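Undergrad: Need coordinates for the below:
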Amino acid sequence: MLKIEIKEKINRIKFNLVQWKNEVEKILSNTGTSDSIPAMLSNGEAVMTAQAVNDWGAMLSAMNVASGGNAIQVSNLPQRNDGMRGMKAMIREAMLEMPAPIVSVVDINKGQKRVKVQNSLGKLGRKKYE
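TA: Now for the predicted structure:
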């Protein structure tokens, strides 16, 4: 009789452990950092963090559509509500962190030659590059 009671208790503990494990997995899968979704990417494609998509989902969706991709569902994401002000601040911050551009004399000379060629083409009646 005692053996049966011990087996029943062990089975109940095992069942509770399985339930607990399932609950933990369910909680972790909703954090945005669980890495629970396998991604099949093509060359040049990228994955963004859940936080980046939460912050910039609408902007990322617009960029993706503008480049011929599909819209990202953003209706379920929290919205930043700072619109262009937030975008300007983000761009300003990114620009401040960029290194100063390095331009060589060769680059300047090539640019000047391109300007001369465009002006010459305009004099010949051809359409200038814009």
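Undergrad: Now do the top helix by length along the chain: distance to the chain's middle.
TA: The residue-count maximum for a helix in the chain (DSSP state H) belongs to helix 2-29. Remark: helix 2-29 is offset 39 Å from the chain centroid, using C-alpha atoms, centre = their mean, to the nearest Å.
Undergrad: Show the average pLDDT along it.
TA: Here helix 2-29 scores 75 as its mean pLDDT.
Undergrad: Stretch 89-106 too?
TA: Mean predicted lDDT for stretch 89-106 stands at 82.
Undergrad: CA atoms of that stretch as PDB?
TA: This file holds the C-alpha atoms of stretch 89-106, laid out as PDB (Å, rounded to 0.1, in the frame of the first residue of the first chain):
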ATOM      1  CA  ALA A  89      16.000  63.400 -32.300                       C
ATOM      2  CA  MET A  90      17.100  59.900 -33.300                       C
ATOM      3  CA  ILE A  91      18.800  61.200 -36.500                       C
ATOM      4  CA  ARG A  92      20.500  64.000 -34.600                       C
ATOM      5  CA  GLU A  93      21.900  61.500 -32.100                       C
ATOM      6  CA  ALA A  94      23.000  59.200 -34.800                       C
ATOM      7  CA  MET A  95      24.700  62.100 -36.700                       C
ATOM      8  CA  LEU A  96      26.600  63.200 -33.500                       C
ATOM      9  CA  GLU A  97      28.000  59.700 -33.100                       C
ATOM     10  CA  MET A  98      29.200  59.400 -36.700                       C
ATOM     11  CA  PRO A  99      32.900  59.900 -37.400                       C
ATOM     12  CA  ALA A 100      33.900  63.000 -39.300                       C
ATOM     13  CA  PRO A 101      34.000  62.400 -43.100                       C
ATOM     14  CA  ILE A 102      37.500  62.000 -44.600                       C
ATOM     15  CA  VAL A 103      37.700  63.400 -48.100                       C
ATOM     16  CA  SER A 104      40.900  63.100 -50.200                       C
ATOM     17  CA  VAL A 105      42.200  65.300 -52.900                       C
ATOM     18  CA  VAL A 106      41.500  62.500 -55.400                       C
END
